[in-house]
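*Asks:* I would like the atomic coordinates for the input below:
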Amino acid sequence: MGSNVQSIDRALNILEIISNQEMISLKEIVNQTELSKSTVHRLINSLISNGYVKQNEVTAQYEITFKMFQLGNKRVQNIDFLNVAKSMISQLTNTLEETCHLVVEDNSEVLYIDKFVPSNNTRAMASKIGKRAPMYCTAVGKSILSTYSDESIKEIWDQSNIIKLTDNTIIDFGEFMDEINKIRVQGYSVDNEENEQGIYCVSTYFVNYRNEVQGAISLSFPTTQMQQKEYFIDELKICAHKISKLLGYNQ
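*Replies:* Predicted coordinates for the structure are as follows:
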């Protein structure tokens, strides 16, 4: 049993290493894993036979297939609330002509499920579908955290790698809790250039019929658009409330 678990761990580690590169050679994988060439080759062949990795016929290097994406996509498609939220957020993006995000909490991080960019928007943003981000420095993360107990927030904070990404990033827990309490009162959170310079985000969460938080939505816009902040917040909160109602929340 122990050797089987070890092989699984090693194979998953190799899969992660390959996924971080467009293509990678056997030698590079051996160097990164510090395993023997024969062991790495055996595990890669197993990943290939199961459809997770393929070998380029020209370069002989390895790359991941879309199988992991397909598996993850099946999980996403099976969650009805995502389809409801996507429809509403798409409308919000078209109305406000600013970028909107849909995220869920996963293992004490936020996972970007979808990103909606208006057709006339040419600004590049760091966010990508499938990207993970810390909760402490994102509007969506703070919005979800505001629904947790103070003890749970402290636990997640202690587990996080708290670093100052910009001059505005909050890295003091006391100051962070002041921010959380403010969010609880006003019903929305902000990311004041805390994660990405020049970008301001507002966010709020939505719930299901049991009043359980299902995810969060955010609206991101350049700091040059701050004169529309209050309007954006109102529209975002209306959108989140509509999503919650469609999920059966009736209060």
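*Asks:* lowest-pLDDT helix or strand in this protein?
*Replies:* Every helix and strand of the chain was ranked by mean pLDDT, DSSP states H and E. The lowest is helix 67-77, at a mean of 71.
*Asks:* that helix: what's the following helix or strand?
*Replies:* Following helix 67-77 in sequence order, the next helix or strand is helix 80-96 (DSSP states H and E).
*Asks:* and that next one, what does it pack onto?
*Replies:* Judged by 3 or more Cβ pairs under 8 Å, 6 or more residues apart in numbering; DSSP states H and E, the packing partners of helix 80-96 are strand 99-106, strand 109-116, strand 213-222, helix 229-246. Where C-beta positions appear, they are placed from N, C-alpha and C, glycine not excepted.
*Asks:* next, format these as JSON lines and append distance to V190, mean pLDDT and mean neighbour count.
*Replies:* Shown next, in JSON lines, are the helices and strands packed on helix 80-96 (distance: least, Cβ to Cβ, whole Å; pLDDT from 0 to 100; neighbours: other Cβ atoms under 10 Å):
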{"stretch": "strand 99-106", "distance to V190": "14", "mean pLDDT": "92", "mean neighbour count": "23"}
{"stretch": "strand 109-116", "distance to V190": "15", "mean pLDDT": "90", "mean neighbour count": "20"}
{"stretch": "strand 213-222", "distance to V190": "10", "mean pLDDT": "93", "mean neighbour count": "23"}
{"stretch": "helix 229-246", "distance to V190": "9", "mean pLDDT": "93", "mean neighbour count": "18"}
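*Asks:* make a markdown table from these and add distance to E196 to it.
*Replies:* Listed next are these as a markdown table, based on distance: least, Cβ to Cβ, whole Å:
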| stretch | distance to E196 |
| --- | --- |
| strand 99-106 | 11 |
| strand 109-116 | 13 |
| strand 213-222 | 8 |
| helix 229-246 | 17 |
